[in-house]
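Asker: I would like to see how this sequence folds:
(3 chains)
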Amino acid sequence: MVDIDETKDKDHLLSIEDISKQIEVLLHASEAPLTANHLKKHLSLTTNKLEQALALLKQRLDLGVLSLHHTASGYRLQIADSHSALIQSVFPQRQERLSQALLETLSVIAYKQPVTRSDIEHVRGVTLSSTILRQLFDKGWIEENGHKDTLGRPALLHTTSQFLDAFGLRHLDELPPMPDIDSIRASS
Amino acid sequence: MVDIDETKDKDHLLSIEDISKQIEVLLHASEAPLTANHLKKHLSLTTNKLEQALALLKQRLDLGVLSLHHTASGYRLQIADSHSALIQSVFPQRQERLSQALLETLSVIAYKQPVTRSDIEHVRGVTLSSTILRQLFDKGWIEENGHKDTLGRPALLHTTSQFLDAFGLRHLDELPPMPDIDSIRASS
Amino acid sequence: MESNAEIHDMSLRIYQTPVQHLPEDLYVPPQAFAIWLEQFAGPLDFLLYLVKKNNVDLTQMPILPITEQYLAYIHKLDTNHFELAGDYLLMASTLIAIKTELLLPKPETPTDERDPKAELIERLEEYAQVKAASQRLDNLIRLERDVFLAMVSMPSQDIMNAELPNYSPTLLIDSLFKMQLQPDYQMHSIKVDAVPLADRIASISRQLSTDGARSFYELLDKAQGKIGVVVSFVAVLELIKRQLIGVVANNTDSSVHTENKTDSNLPTRSDIFGKLTLEWLA
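Answerer: The predicted structure is shown next:
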């Protein structure tokens, strides 16, 4: 492996620094996060080279204001946390607030998936407004996949990897644990 | 001026490097290009400080893949031209495909201009993503011009002559006639 | 204030336990009730609030007083705001049913029916759990609230634009039709169709609303081939179903609906079909 790597290196004269720049370009130009496999395929890299280049990229980013994040669906560039306060004060309109109704709907889908529209209505005791579903679809946080085998074959809703990305989770396992019934009984 | 500057500097302990990073943050976070006046206002800078910080920012950007672009509408960060071949080879469809969300937003601006951000959200019924606005500004299809006299004095958005060019129109009058949205909505 | 006292008395009378402290914040003038209700995510949220205010364990929920309190507030609801409160009224009827059940003498023989009170408590627990989970979800560090994506522009337009095609202005209009016509939550399905139905629906709507009437044949996009014909037909059916378009009644062969011919006659059939004229109704 190492031999092949080195030959390739000489052929292409691509330094790790060049590769790290190519990765930076692709991450900036991509609409969605890019996985390690995407990067390796697009740039014809070995795992080893990719890792070296990513490490160098991180170093370079540290000089500026961005940071490299590894999310459920891959790598993305974001503005380092330490600068969030500045952004929030200058561009308050960028701060997305979610209503309680939307959060509850999202929670039912996230924790109990797959669910139908009427499952959500049953749990929340409220008719589901189409605005809420539309917002969740629009953000790409939920999707329809399959049908429940009951009357009307209602569509089944799931969360997506974009949902995980937005909430900084790598996997559904990382969702905060559902509070247990006993503590709910006690506290109510 | 210089004296005042220096006093300020000691007071705030903000180095030119810190200022250059703040500028970088705002440029990464802003939907529309930022003018020198915007930057000076948001960060309470003198012209002198701004120029020093911008010079330092350019130097830092040279280490990576971005460049600072200055047009009539202001400053923005963009991927340096030398990387366009890589982008086109990896994302050939990046420039051609216009998402439905982007088209809807553009249509609302084109037909109802001038509009504010919240006008668009009202018509579309979903929150407007910063990315979409940024894309429209980047394409030069929309611009900010004037403010609405309501709370927060939100900026008014218009389409540009570049928008007309891209859609092969000589004048806004040539836009296809607007469908009677209300009648569609009512019956669907 | 009067009604507040009522509730207070009621709690005192029914609870055998020491005095419940009166929730001062519970009193609201009737006209403000609709606005006040909006602070709750629904009737379960409201019930949960009442349980909490009465300072009781959910499993020991005294159904009668809670029901009385709930109904007392629903009564306050201005009749002008009934449409806001459909879900609350539905819950009220459930509570009344439970109350009635509890007041009636229990049948000697045990039945298979679920205990409605137990069922309600179960729902409340489940809701409380989801509500707490949603708060935990909201506490996570979230993109575009706590952290922000870095936005940069693509390289210079003239360099990237070299091969950029011109867009047709009808794209804009079609997007507006799509925005209005698509069912909310099928709009974003990820499945890739060769000829997306939504696009055909939007395009056909635009053509008919502009031109009034057109034959089916004229509505087709020739570049879309056979699948385009099929999808266009489905689009036309969908628009007819929504009563946005109609078939123009004319004197062409009425056997379209009744014929029962063999495959050899297909050309004729598709010919008739192509001449089918559709008109915009909306």
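
Asker: what about residue C:89, distance to residue C:71?
Answerer: 10 Å (Cβ to Cβ, to the nearest Å). C-beta here means a position set from N, CA and C on the backbone, and glycine is covered the same way.

Asker: and what of residue C:121?
Answerer: 18 Å.

Asker: before we move on, what about residue C:127?
Answerer: Computed with Cβ to Cβ, the distance linking residue C:127 and residue C:71 is 19 Å.

Asker: quick one, which of these two is more surrounded?
Answerer: Shown here are residue C:127 and residue C:71; by other Cβ atoms under 10 Å in any protein chain shown, residue C:127 has more neighbours (25 against 14).

Asker: shouldn't that one be in contact with residue C:51?
Answerer: No - when contacts are counted by Cβ atoms under 8 Å, residue C:127 is not listed as touching residue C:51 (11.2 Å).

Asker: Does residue C:199 touch residue C:177 like I think?
Answerer: No - judged on Cβ under 8 Å, residue C:199 makes no contact with residue C:177 at a distance of 9.5 Å.

Asker: So for these two, which residue has more residues nearby?
Answerer: Neighbour tally, residue C:199 and residue C:177, criterion other Cβ under 10 Å: the higher count belongs to residue C:177, 23 against 20.

Asker: Can you tell me the closest non-neighbouring residue to the more buried one?
Answerer: residue C:202 (3.8 Å; Cβ to Cβ, 6 or more residues apart in numbering or on different chains).

Asker: anything in the helix or strand containing residue A:57 near chain B?
Answerer: Assessed by DSSP states H and E, residue A:57 sits inside helix A:47-63. Yes - counting by Cβ under 8 Å from any Cβ of the partner chain, contacts between helix A:47-63 and chain B involve A:60, A:61, A:63.

Asker: which residues touch the residue nearest in space to the middle of chain A?
Answerer: Note on chain A: the residue nearest the mean C-alpha position is residue A:165, at 1.4 Å, using Cα atoms, centre = their mean. By Cβ atoms under 8 Å, 6 or more residues apart in numbering or on different chains, the contact set of residue A:165 is A:33, A:71, A:72, A:73, A:76, C:143.

Asker: quick one: the fifth one and residue C:72, what's the gap?
Answerer: Residue A:76 sits at a distance of 53 Å from residue C:72 (criterion: Cβ to Cβ).

Asker: again with the last one
Answerer: If you measure residue C:143 against residue C:72 using Cβ to Cβ, the figure is 44 Å.

Asker: same question, the first one
Answerer: The spacing between residue A:33 and residue C:72, counted by Cβ to Cβ, is 53 Å.

Asker: higher neighbour count, the two?
Answerer: residue A:33 (19 against 15).

Asker: Quick check: bridge partners of the spatially closest residue to that one that is not a sequence neighbour?
Answerer: In this structure, residue A:33 finds its nearest non-sequential neighbour in residue A:74, 3.6 Å apart by Cβ to Cβ, 6+ apart. With beta bridges defined as DSSP bridges, residue A:74 has these partners: residue A:71.

Asker: Repeat that for the one 5 residues further on.
Answerer: Going by DSSP bridges, residue A:79 is paired in beta bridges with residue A:66, residue C:148.

Asker: For the stretch 51-200 of chain C, which residues score under the pLDDT cut-off?
Answerer: C:77-85, C:106-114, C:157, C:160-168, C:182-193 (pLDDT under 70).

Asker: Please enumerate the helices of it.
Answerer: C:63-76, C:86-103, C:116-139, C:157-160, C:170-181, C:197-211 (DSSP state H, counting those that start in this stretch).

Asker: got the contact list for the last one?
Answerer: Under the contact criterion Cβ under 8 Å, 6+ apart, helix C:197-211 has outside partners B:176-177, B:179-180, B:184, C:170, C:173-175, C:177-178, C:181-182, C:187, C:214, C:218-219, C:221, C:228, C:231-232, C:234-236, C:238-239, C:244-245, C:278-280, C:282.

Asker: near chain B, which residues of chain A?
Answerer: A:21-22, A:24-26, A:28-31, A:42, A:60-61, A:63-66, A:79, A:83, A:86-87, A:90-91, A:93-94, A:96, A:131, A:134-135, A:138.

Asker: could you say which helix or strand contains the residue nearest to residue C:196 when sequence neighbours are not counted?
Answerer: Using Cβ to Cβ, 6+ apart and skipping residues adjacent in sequence, the residue nearest residue C:196 is residue C:231, 7.9 Å away. Following DSSP H and E, the helix or strand that holds residue C:231 is helix C:225-241.

Asker: Who are the packing partners of that helix?
Answerer: Where contact means 3 or more Cβ pairs under 8 Å, 6 or more residues apart in numbering or on different chains; DSSP states H and E, helix C:225-241 is packed against helix C:197-211, helix C:216-219, strand C:245-247.

Asker: which of the residues in that helix are buried?
Answerer: C:228, C:229, C:231, C:232, C:233, C:235, C:236, C:238, C:239 (16 or more other Cβ atoms under 10 Å in any protein chain shown).

Asker: Stretch A:84-104 and chain C, any residue contact?
Answerer: Yes - Stretch A:84-104 reaches chain C (Cβ under 8 Å from any Cβ) through A:84, A:87, A:94, A:95, A:96, A:97, A:98, A:100, A:101, A:103, A:104.

Asker: Would you mind listing which of the residues you listed are buried?
Answerer: A:84, A:87, A:94, A:98, A:100, A:101, A:103, A:104.
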